[in-house]
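1. just a sequence and a predicted model for now, questions to come.
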Amino acid sequence: MQSVSEPLTVLIAEDSAADRMLLSTIVRRQGHEVLTASNGAEAVALFERQRPQLVLMDAMMPVMDGFEAARQIKQLAGETLVPIIFLTSLTESEALARCLEAGGDDFLAKPYNQVILAAKIKAMDRLRRLQATVLQQRDQIARHHDYLLNEQRVAKAVFDKVAHSGCLNAPNIRYLQSPYALFNGDLLLAAFTPGGDMHILLGDFTGHGLPAAVGAMPLAEVFYGMTAKGYGLSETLREMNAKLKRILPVDMFCCATLLCLSFQRRAVEVWNGGMPDGYLHCIATGERTPLLSRHLPLGVLSAQAFDDGTEVFPMALGDRIFLLSDGVIDTCDANEQLFGVDRLERVFAANQHPAKLFEEIEQALKDFRGEARDDVSMVEVTLLESAQLNPPAMVYSDSGQSSPLDWSVSFEFRAATLKRYNPLPYLLQLLLEVHGLRAQSGALYSVMAELYSNALEHGVLGLDSSLKCDARGFAQFYKQRSARLTELEDGYVRVHLHVEPRGEGGCLVVRVEDSGAGFDVQRVMARPIDADKLSGRGVSLIRQLSRSASWSDDGRSARVEFSWEALA
């Protein structure tokens with residue numbers, strides 16, 4: 001930016017030689033350099049060559065008048081402000097207005113007053129320098145904005161790869177996400193457990209944009225890591241809450257709904273903390289069960305005060321779960337009317353074909369013609385046959401040369417541990433150190449989970465699986481499970497693992513014992529397999545997935561065997 005005292009280059013366009021000489025003398029005495037032109041065409045050519053900083057332009061000149069010359073000079077100047085002061089003896093309002101329309105910035109009436117001319121030149125120079133400063137700052141802001149935007153794009157690309165590294169492309173998941181800003185404050189994650197169940201999380205951080213996405217990376221890290229290791233919802237929720245409580249500012253938290261969809265048990269486990277109600281849609285009856293928010297969001301409560309209690313609902317093939325963020329119901333139209341829960345409920349009620357429900361909600365939002373005030377997320381999850389999903393196998397990079405091949409270990413988990421600890425991820429991690437067992441990780445986890453849950457629920461807690469004869473009994477079963485586990489004071493579950501090499505392969509023997517009353521093994525073994533029943537599938541599943549399975553001591557002791565051959 002030029003200093004105030006710096007001389008200017010002034011172009012004087014005047015057809016009168018006497019007036020040109022007079023103006024040139026006045027302007028030079030003020031310390032400025034002068035260029036002169038006798039008509040508009042000369043003025044435009046001089047401006048293009050010399051780029052003067054201010055123009056004194058006579059309105060009426062031969063060849064090209066001052067109006068056309070002013071228009072062409074302004075076009076050549078572009079964004080740079082080159083003030084044009086019209087020299088005129090015109091007094092009519094229309095004529096003066098014509099000067100302004102042509103691009104003039106001020107007038108100087110004839111005969112010329114050198115004091116007024118000096119003042120006008122100084123005033124126009126101040127405007128010119130102010131415009132230059134504004135343009136410079138604008139360009140600086142634009143460069144800074146582009147820099148920040150590029151940084152956000154890079155961060156978003158990394159975030160998207162982390163957030164979408166699970167199974168959102170599974171055939172039973174449909175979703176819509178529309179971020180309010182470049183970063184989406186809503187978080188949608190999905191991943192398979194080692195046993196083939198599916199964990200789904202829909203979260204909504206406070207606010208939107210980059211600040212709202214700050215907690216998404218550590219949350220995704222906990223979700224994917226613990227799901228891959230086989231941890232259940234309760235353990236995963238506690239870890240996510242503790243991490244967010246530790247790293248987020250006090251005014252930030254994450255509302256979330258977390259699901260565990262079990263394709264083998266045909267059930268869904270739900271935890272909802274601060275999100276809008278989700279819905280479990282029964283295809284056979286058309287009934288919609290609300291998945292209510294019963295907890296505070298993640299990152300609000302301390303580890304001691306946090307409630308990880310979940311609800312379990314039975315599902316049938318084709319049943320759907322629908323989740324949404326509050327950006328859907330808070331979408332607002334031109335009349336400040338919200339889309340709202342009632343309008344969403346009407347879409348549900350009018351639905352005739354469950355497979356089209358997702359599109360009908362999308363269409364209702366479009367027809368509403370509203371404007372989102374927050375990130376918008378919707379997800380629909382369908383219960384399919386597990387064979388239709390094909391979850392990815394666990395991948396390991398080591399050669400297996402350091403694999404333990406001949407060992408055994410025993411654990412006894414007593415009441416205080418059974419109430420608050422899930423040993424399955426630890427046991428599975430231990431077993432998968434055996435290279436030959438890794439190809440069977442899914443079956444191994446499913447069998448271990450069934451053995452442990454049977455020993456705990458039916459053995460130690462004495463729960464009757466026949467309660468799960470219908471949806472109401474199913475809910476009652478898990479209510480009793482939670483109550484009895486809370487009150488548990490004695491009892492045990494023992495797990496014995498024995499691995500030994502056999503020829504070019506090996507064998508794993510798992511024995512699980514419990515302190516319960518046992519059951520009638522022969523009667524349970526004789527039951528026909530009924531895929532539509534909500535209970536009684538565990539023993540059959542264990543027998544299908546293992547090499548051999550047997551029960552003794554009136555059902556209090558289960559023995560299961562896996563074997564493998566060495567890979568060539």
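-> Done, it's in.
2. quick one: residue 512 and residue 540, what's the gap?
-> Relative to residue 540, residue 512 is positioned 17 Å away (C-beta to C-beta, to the nearest Å). (Each C-beta comes from the backbone N, C-alpha and C, glycine too.)
3. neighbour count winner among these two?
-> residue 512 (24 against 18; other C-beta atoms under 10 Å).
4. tell me who's in contact with that one.
-> When contacts are counted by C-beta atoms under 8 Å, 6 or more residues apart in numbering, residue 512 touches 451, 452, 454, 455, 493, 494, 495, 496, 557, 558, 560.
5. in strands, which of those residues appear?
-> 493, 494, 495, 496, 557, 558, 560 (DSSP state E).
6. out of these, which is most surrounded?
-> The ones in strands among the contacts of residue 512, ranked by neighbours (other C-beta under 10 Å): first place residue 558, 25 neighbours.
7. list the contacts of that residue.
-> 451, 454, 455, 510, 511, 512, 513, 542, 549, 550, 551.
8. quick check, nearest of those to residue 489?
-> Relative to residue 489, the closest of these is residue 455; by C-beta to C-beta it sits at 17.3 Å.
9. I'd like the next helix or strand past the top helix by length along the chain.
-> Counting by DSSP state H, the longest helix found in the chain is helix 114-163. Scanning forward in sequence from helix 114-163 by DSSP states H and E, the next helix or strand is strand 173-178.
10. pull the CA atoms of the helix or strand just after that next one into CSV?
-> Next helix or strand after strand 173-178 toward the C-terminus (DSSP H and E): strand 186-192. The C-alpha trace of strand 186-192 is given here as CSV (Å, rounded to 0.1, in the frame of the first residue of the first chain):
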residue,chain,number,x,y,z
ASP,A,186,-23.2,-37.7,12.9
LEU,A,187,-21.3,-41.0,13.0
LEU,A,188,-22.4,-44.3,11.5
LEU,A,189,-20.3,-47.4,12.1
ALA,A,190,-21.0,-51.1,11.5
ALA,A,191,-18.8,-54.1,12.0
PHE,A,192,-19.0,-57.9,12.3
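11. next secondary structure after strand 186-192?
-> strand 198-205.
12. in a markdown table: the contacts of residue 512, plus distance to residue 149 and pLDDT.
-> Shown next, in a markdown table, are those (distance: C-beta to C-beta, whole Å; pLDDT from 0 to 100):
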| residue | distance to residue 149 | pLDDT |
| --- | --- | --- |
| 451 | 54 | 93 |
| 452 | 51 | 94 |
| 454 | 56 | 91 |
| 455 | 56 | 93 |
| 493 | 56 | 96 |
| 494 | 59 | 96 |
| 495 | 54 | 97 |
| 496 | 59 | 97 |
| 557 | 64 | 94 |
| 558 | 60 | 93 |
| 560 | 57 | 95 |
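13. and of the ones in strands among the contacts of residue 512, the nearest to residue 383?
-> Nearest to residue 383 among these, counting by C-beta to C-beta, is residue 560 at 27.1 Å.
14. is that closest one bridged to anything, and to what?
-> residue 510, residue 549 (DSSP bridges).
15. ok, now which ones touch it?
-> Contacts of residue 560 (C-beta under 8 Å, 6+ apart): 447, 451, 509, 510, 511, 512, 542, 546, 548, 549.
16. generate a ChimeraX selection restricted to the buried subset of these.
-> Burial among those is assessed by 16 or more other C-beta atoms under 10 Å; the matching ChimeraX selection reads:
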select :447,451,509,510,511,512,542,546,549
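17. possible to save the contacts of residue 560 as TSV with distance to residue 120?
-> Below are these laid out as TSV (distance: C-beta to C-beta, whole Å):
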residue	distance to residue 120
447	94
451	96
509	102
510	97
511	102
512	98
542	97
546	98
548	104
549	101
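18. so, low pLDDT: which residues of the stretch 1-150 of the chain?
-> Filtered on pLDDT under 70, the stretch 1-150 of the chain yields the residue ranges 1-5, 90-93, 95.
19. mind doing that once more with 50?
-> Counting by pLDDT under 50, the stretch 1-150 of the chain contains low-confidence ranges at 1-4.
20. which stretches of it form strands?
-> 9-13, 33-37, 54-58, 84-88, 106-109 (DSSP state E, counting those that start in this stretch).
21. packing partners of the fourth one?
-> So that's strand 84-88. In terms of contacts (3 or more C-beta pairs under 8 Å, 6 or more residues apart in numbering; DSSP states H and E), strand 84-88 is packed against strand 54-58, helix 66-77, helix 93-101, strand 106-109, helix 114-163.
22. what lies in contact with it?
-> Counting by C-beta under 8 Å, 6+ apart, 14, 19, 23, 54-60, 66, 70, 73-74, 95-96, 99, 103-110, 112, 120-121, 124 sit against strand 84-88.
23. equivalent analysis for the first one, please.
-> The contact list for strand 9-13 (C-beta under 8 Å, 6+ apart) reads 20, 23-24, 27, 32-40, 42-43, 46-47, 50-58, 61, 66, 69, 121.
24. among the residues you listed, name the buried ones.
-> 20, 23-24, 27, 32, 34-40, 42-43, 46-47, 52-58, 61, 66, 69, 121.
25. quick revisit: which two from the contacts of residue 512 end up farthest apart in space?
-> 454 and 496 (15.7 Å).
26. picking up where we left off before, hey, which of the helices and strands packed on strand 84-88 is tucked in deepest?
-> Across the helices and strands packed on strand 84-88, averaging neighbours per residue (mean count of other C-beta atoms under 10 Å) puts strand 54-58 on top, at a mean of 27.
27. for that strand, which strands pair with it and how are they oriented?
-> strand 9-13 (parallel), strand 84-88 (parallel).
28. residue 407 contacts residue 506, correct?
-> No. Taking contacts as C-beta atoms under 8 Å, residue 407 lies outside contact range of residue 506: 10.7 Å.
29. which residues do these two both contact?
-> In contact with both residue 407 and residue 506: residue 499, using C-beta under 8 Å, 6+ apart.
30. neighbour count winner among these two?
-> residue 506 (21 against 12).
31. residues in contact with that one?
-> Residue 506 touches 405, 434, 436, 499, 500, 563, 564, counting by C-beta under 8 Å, 6+ apart.
32. and with 7 Å instead?
-> With contact set as C-beta atoms under 7 Å, 6 or more residues apart in numbering, residue 506 has these partners: 405, 436, 499, 500, 563, 564.
33. quick one: which two of the residues you listed are the most distant?
-> 405 and 563 (13.1 Å).
34. the closest residue in space to residue 125 that isn't next to it in sequence - how many residues pack around it?
-> Leaving aside its sequence neighbours, residue 125 sits nearest to residue 8 (C-beta to C-beta, 6 or more residues apart in numbering; 6.2 Å). If you count neighbours by other C-beta under 10 Å, residue 8 ends up with 21.
35. correct me if wrong: residue 8 contacts residue 34.
-> No. In terms of C-beta atoms under 7 Å, residue 8 does not count as a neighbour of residue 34; the distance is 9.7 Å.
36. quick one: low-confidence ranges for the chain?
-> Using pLDDT under 50, the chain drops low at 1-4, 531, 534, 568.
37. domains for it, by residue range?
-> 9-135, 164-388, 407-565 (automatic domain parsing).
38. redo those domains as JSON lines? Include distance to residue 155.
-> Formatted as JSON lines, the domains of the chain follow (distance: least, C-beta to C-beta, whole Å):
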{"stretch": "domain 9-135", "distance to residue 155": "30"}
{"stretch": "domain 164-388", "distance to residue 155": "8"}
{"stretch": "domain 407-565", "distance to residue 155": "31"}
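39. how about the contacts made by the residue nearest to residue 125?
-> By C-beta under 7 Å, 6+ apart, the contact list for residue 8 reads 32, 53, 54, 125.
40. now it. Its backbone dihedrals?
-> Backbone geometry at residue 8, expressed as degrees, to the nearest 10, gives phi -110, psi 160.
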